[in-house]
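In: Sharing a model that was predicted from the sequence below.
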Amino acid sequence: MYYVYVLRSESDSGFYIGFSTNLRARLRQHQNGESFATSHRGPWKLIYYEAYTEREDAEGREKFLTSGAGRRFLRAQLRYYLEKFPARVKGFASRDSSHDEAKPH
């Protein structure tokens, strides 16, 4: 399976959108500060994910979610969550560029 996920920083209420083949291990990497893009903004909370059988579908979805239309979709999709936790809502950041196929995600 391929996963597209959204994390919310508990320190600054910002968001991070990523892609992984192993969601639990990737979340653990974010929590342990092992991802350059998210290491300085943790701790993180998983607030949304989608699962895909095809890598290209997941990568396309991640690209969409990091776009303006994708951020609007997420704000609408997560409206009740965002109302419940109304701390300032920052924009969505994309996954880090060190993300490669050789290492487990």
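Out: In hand now; what should we look at?
In: which residues touch Ser11?
Out: Arg41, Gly42, Pro43 (CB atoms under 8 Å, 6 or more residues apart in numbering). Just so you know, the C-beta spots here come from the backbone N, C-alpha and C atoms, and that holds for glycine as well.
In: What about the nearest residue to Ser9 once chain neighbours are set aside? Give its phi and psi, please.
Out: Nearest residue to Ser9, sequence neighbours excluded (CB to CB, 6 or more residues apart in numbering): Arg41, at 4.5 Å. Arg41 adopts backbone torsions of phi -120, psi 10, taken as degrees, to the nearest 10.
In: Find the nearest non-adjacent residue to Glu54, please.
Out: Among residues not flanking Glu54 along the chain, Tyr2 sits closest, at 7.1 Å (CB to CB, 6+ apart).
In: my read: that neighbour touches Gly60, true?
Out: No - Tyr2 is beyond contact range of Gly60, at 10.6 Å (criterion: CB atoms under 8 Å).
In: okay, these two: which has more neighbours?
Out: Tyr2 (21 against 13; other CB atoms under 10 Å).
In: Now do the helices in the protein.
Out: 23-31, 55-65, 68-77, 79-84 (DSSP state H).
In: buried set for the shortest one?
Out: Burial within helix 79-84, assessed by neighbour count using 16 or more other CB atoms under 10 Å, is assigned to Leu82.
In: now swap in stretch 13-32 and tell me
Out: So, applying 16+ other CB under 10 Å, buried residues of stretch 13-32: 14-20, 23, 26-27, 29-31.
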